[in-house]
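Colleague: coordinates only, no sequence provided:
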């Protein structure tokens, strides 16, 4: 599973990208967030306020209950501010 | 009183502009239209359907009851189609 | 910027130059909206001939532009309307609005083009390839578009 | 015209060239609307740094542009969004829409810029003259602007 981070989420985690293999119990975006948040203080800080985090699974915006699977590209980032 | 005509109103009347001196009884735009319509078959044709005629007095859009006076510049034209 | 600029002219206009004139050297503009109306070749149209009321037309454009200037926090506003004979593909009218805020620029631009259609003394005559010619009739839909901008009483 | 064109790039863009690309040689376009978003020098801002999600961002832009293409009878649609470091006065984003009808061009242009703000993965970081830096927070007003375009269920 390939995880990407953008904007201040990336800055807090400390890397732009990492490959992870969560346990089988991690089945959806919310489960993945909980699991990632325990990986380091940086991760914990990035995911401290879930309301400020958006996710994409395989480059589509995803809700917390969206399923995740090995091989997926999953990204976490703040609400977008383009335009 | 200076009268200007535009678009098909001008074509029907046959001139772009004329100086007229209507009698004192002609006090407003509606009265002027009735008086002008009697001047020639071209005028009559131009003013045949008052719903298709718009007026301006001294370069401001005017309603039929607007007063007119000697010295005024009064224009008649179809509904505008710019833009 | 002293206020809106309006022009009635036979010549074409340069969108890039007009846009640059509103933005150059400024760092307080967040959005620049523009609308260019063009002459379409509908039904075998060969040319549009645009007539105006010299004097009143410029005053009407200035008044409409001033109204937009008062309703939205604009930093720049340019309205250019061409007259004379225009062939299909040629630009007829340009509206440009600049503001710190995108919604103001976009709304003022739409307001101006809607009001131009119904409140500025221009008349269009269509000339067709077969030699026929007819004056364009005013459209009820244009009145409706302009009416959406009416302020509540 | 095969459909909308979207680009994410560091380089600037040329409004006139992009406008010409949509209109050149055509006689079926009645209106060309554009919006350019620019970097403002608010509060001592020295630069905006724009980040995107390569791949997903282009897909999101293409999807939004395709949505506009389906909702309005457009003849052309171009969306260009810059990334990287931009200083005040520089253009950030361009939306261009062309249609036979002015309302379609204007509405599609407003729709696209509203949706870009809320649905395309870009993030802005502000750098200030004093060395401070902060990520721009998403605005509730942008969500509200985009929500007006939601189709009735």
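Modeller: That came in fine, so what should we check first? Please read these numbers as outputs of a predicted model, since none were measured by experiment.
Colleague: what residues does chain C have near chain D?
Modeller: Selection of chain C residues close to chain D by CB under 8 Å from any CB of the partner chain yields C:14-16, C:19, C:23, C:25-41, C:88-89, C:100, C:102-103, C:105-106, C:109-110, C:113, C:145. Where you see a C-beta, it was placed from the backbone N, CA and C, and this is true even at glycine.
Colleague: these in helices, which ones?
Modeller: Judged by DSSP state H, the residues of chain C next to chain D include C:15, C:16, C:19, C:23, C:102, C:103, C:105, C:106, C:109, C:110, C:113, C:145 as members of helices.
Colleague: how about JSON lines for these, with pLDDT, distance to residue B:45 and neighbour count added?
Modeller: Formatted as JSON lines, those follow (pLDDT from 0 to 100; distance: CB to CB, whole Å; neighbours: other CB atoms under 10 Å in any protein chain shown):
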{"residue": "C:15", "pLDDT": "96", "distance to residue B:45": "42", "neighbour count": "20"}
{"residue": "C:16", "pLDDT": "95", "distance to residue B:45": "47", "neighbour count": "13"}
{"residue": "C:19", "pLDDT": "97", "distance to residue B:45": "46", "neighbour count": "23"}
{"residue": "C:23", "pLDDT": "96", "distance to residue B:45": "51", "neighbour count": "19"}
{"residue": "C:102", "pLDDT": "95", "distance to residue B:45": "50", "neighbour count": "24"}
{"residue": "C:103", "pLDDT": "95", "distance to residue B:45": "48", "neighbour count": "18"}
{"residue": "C:105", "pLDDT": "98", "distance to residue B:45": "46", "neighbour count": "30"}
{"residue": "C:106", "pLDDT": "97", "distance to residue B:45": "44", "neighbour count": "27"}
{"residue": "C:109", "pLDDT": "98", "distance to residue B:45": "40", "neighbour count": "31"}
{"residue": "C:110", "pLDDT": "97", "distance to residue B:45": "38", "neighbour count": "24"}
{"residue": "C:113", "pLDDT": "96", "distance to residue B:45": "33", "neighbour count": "26"}
{"residue": "C:145", "pLDDT": "84", "distance to residue B:45": "31", "neighbour count": "21"}
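Colleague: out of the residues you listed, who's near chain A?
Modeller: residue C:102.
Colleague: how about the ones in helices among the residues of chain C next to chain D in CSV, adding distance to residue A:62?
Modeller: Below are those laid out as CSV (distance: CB to CB, whole Å):
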residue, distance to residue A:62
C:15, 41
C:16, 41
C:19, 39
C:23, 39
C:102, 28
C:103, 30
C:105, 34
C:106, 31
C:109, 36
C:110, 35
C:113, 40
C:145, 40
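Colleague: so which of the ones in helices among the residues of chain C next to chain D is the closest to chain A?
Modeller: Distance to chain A across those (CB to the nearest CB) is lowest for residue C:102, with 7.6 Å.
Colleague: correct me, but that closest one touches residue D:40?
Modeller: No: with contact defined as CB atoms under 8 Å, residue C:102 and residue D:40 do not form a contacting pair (10.9 Å).
Colleague: local confidence estimate at residue A:62?
Modeller: Note for residue A:62: predicted pLDDT of 96.
Colleague: again with the one 4 residues further on
Modeller: Each residue has a pLDDT score; the one for residue A:66 is 97.
Colleague: ditto for the one 3 residues further on
Modeller: The per-residue pLDDT reported for residue A:69 equals 97.
Colleague: same thing with residue C:137?
Modeller: As predicted, residue C:137 sits at a pLDDT of 92.
Colleague: cool, and residue C:47?
Modeller: You'll see residue C:47 listed with a pLDDT of 97.
Colleague: the closest residue to it other than its chain neighbours and residue D:31: what is the separation?
Modeller: In space, and not counting its chain neighbours, residue C:47 is closest to residue C:127: 4.5 Å by CB to CB, 6 or more residues apart in numbering or on different chains. To residue D:31, residue C:127 is 21 Å away according to CB to CB, to the nearest Å.
Colleague: who has more neighbours, these two?
Modeller: residue D:31 (25 against 16; other CB atoms under 10 Å in any protein chain shown).
Colleague: pretty sure that one sits against residue C:37.
Modeller: Yes: applying CB under 8 Å, one finds residue D:31 in contact with residue C:37, separated by 5.6 Å.
Colleague: list the residues that contact both of these two?
Modeller: When contacts are counted by CB atoms under 8 Å, 6 or more residues apart in numbering or on different chains, residue D:31 and residue C:37 are jointly contacted by residue D:102.
Colleague: so how far is residue C:147 from residue C:119?
Modeller: When residue C:119 is compared with residue C:147 (using CB to CB), they lie 11 Å apart.
Colleague: so those two - more neighbours on which side?
Modeller: Each of residue C:119 and residue C:147 has its neighbours counted (other CB under 10 Å); residue C:119 has more, 18 against 10.
Colleague: quick one: low-confidence residue ranges for chain C.
Modeller: C:1, C:152-153 (pLDDT under 70).
Colleague: quick one: the strands in it?
Modeller: C:5-9, C:31-38, C:45-52, C:74-82, C:84-86, C:91-99, C:122-128, C:133-135 (DSSP state E).
Colleague: looking at those, which is closest to residue A:36?
Modeller: For residue A:36, the closest of these is strand C:31-38, at 37.9 Å, according to CB to CB.
Colleague: list the buried residues in the lengthiest helix in chain A.
Modeller: Counting residues, the longest helix found in chain A (DSSP H) is helix A:29-37. By neighbour count on 16 or more other CB atoms under 10 Å in any protein chain shown, the buried set for helix A:29-37 is A:29, A:30, A:31, A:32, A:33, A:35, A:36, A:37.
Colleague: next: stretch C:13-27.
Modeller: So for stretch C:13-27, counting by 16+ other CB under 10 Å, buried means C:13, C:15, C:18, C:19, C:22, C:23, C:26.
Colleague: same question, stretch C:143-153
Modeller: C:145, C:146.
Colleague: got it, and stretch A:8-15?
Modeller: A:8, A:9, A:10, A:11, A:12, A:13.
Colleague: does chain D have contacts with that stretch?
Modeller: Yes: under the criterion of CB under 8 Å from any CB, stretch A:8-15 makes contact with chain D via residue A:8.
Colleague: neighbours around the residue of chain C found nearest chain B, how many?
Modeller: Closest approach of chain C to chain B (CB to the nearest CB) occurs at residue C:122, with a separation of 2.9 Å. Using other CB under 10 Å as the criterion, residue C:122 is surrounded by 27 other residues.
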